[in-house]
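> sequence and predicted structure below; questions after.
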Amino acid sequence: MKDIKITSQDAKSDYDICVGVITAVNGVKGHVKIRSFTEKPQDIANFKKIFDDSSVEYQIKIVTLKKDYLIAGIEGIDSRNDAEKLRNTRLYIKRSELPSAGSDEFYHADLMGLDAKLRNGTNLGVVKDVVNFGAGDILEIYDLNSEKTIYYPFTKQFVPEINLEKRYILLEQLEEVIAASE
């Protein structure tokens, strides 16, 4: 997103980020289909340490790129039966492996869990996710008062400030939200 004011690029806490998931087996040689969540799908093979929920590490070698996924070999997996056991395995890296974001850039994972505050100081809720249904990024915010989900357009107009160091985002009040609560 452009034009968002980033107050801090604090990445001191080193947490796990999911960069892909093994979705299926491909062929009889133990190759797997991986849905990559990286900007360029092939970048998933460039991380130093990729691991699963159980901290088992994987060495990935890309065989071919497809439109929505990639076919890869995994070191030590030589048969379809072995590869089948990896189906639905989520692949993670440590946050510290990601390059620094630019001055007006950020990682969605850094926004999760931030307090969502209105300009008047009211704590609206917590950022649950950043989603995109095709028309741009939208913040999914859990409203502490109504215990419902609110969606905010992720533009400078509605999100004028992000402070990662103090763990909050500042939001403009949406007219639709005000009308719905009256």
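Perfect, I can see it now.
> CA atoms for contacts and neighbours, from now on please.
OK.
> gap between the two ends of stretch 34-49?
Start-to-end span of stretch 34-49 (Cα to Cα, to the nearest Å) is 16 Å.
> what does that stretch rub up against?
Here stretch 34-49 makes contact (Cα atoms under 8 Å, 6 or more residues apart in numbering) with 18-24, 57-62, 65, 68-72, 93-94, 97.
> just the buried residues out of those, in PyMOL syntax.
PyMOL command restricting these to the buried ones, with burial defined by 16 or more other Cα atoms under 10 Å:
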select buried, resi 18+19+20+21+22+23+24+57+58+59+60+61+62+69+70+71+72+93+94
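> which parts of the protein are helices?
Using DSSP state H, the helices of the chain run over 80-84, 108-111, 175-181.
> worst average pLDDT in the ones you listed?
Ranked on mean pLDDT, the bottom entry among those is helix 175-181, at a mean of 52.
> which residue sits closest to residue 110, ignoring its sequence neighbours?
residue 164 (7.4 Å; Cα to Cα, 6 or more residues apart in numbering).
> and the pLDDT for that neighbour?
At residue 164, the model reports a pLDDT of 86.
> distance of it from residue 106?
Separation of residue 164 from residue 106 (Cα to Cα) stands at 10 Å.
> next: residue 52.
Going from residue 52 to residue 106 by Cα to Cα gives 24 Å.
> same check, this time on residue 49
With Cα to Cα as the criterion, residue 49 and residue 106 are 22 Å apart.
> what does residue 80 give?
From residue 80 to residue 106 the distance is 39 Å (Cα to Cα).
> what's the answer for residue 115, then?
When residue 115 is compared with residue 106 (using Cα to Cα), they lie 16 Å apart.
> now residue 84
35 Å.
> then residue 134?
19 Å.
> who has more neighbours, the two?
residue 106 (18 against 7; other Cα atoms under 10 Å).
> and residue 64, how many neighbours?
12.
> do the one 3 residues further on as well
Neighbouring residues of residue 67 were enumerated by other Cα under 10 Å; the total is 6.
> please apply the same query to residue 108.
Burial of residue 108 is recorded as 12 neighbouring residues (other Cα under 10 Å).
> check contacts around the closest residue to it other than its chain neighbours.
Spatial nearest neighbour of residue 108, excluding adjacent residues (Cα to Cα, 6+ apart): residue 130 at 6.3 Å. Residues in contact with residue 130 (Cα under 8 Å, 6+ apart) are 108, 111, 112, 137, 138, 139, 140.
> make a PyMOL selection of the buried ones in those residues.
The PyMOL selection below is limited to those of the contacts of residue 130 classed as buried (16+ other Cα under 10 Å):
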select buried, resi 111+112+137+138+139+140
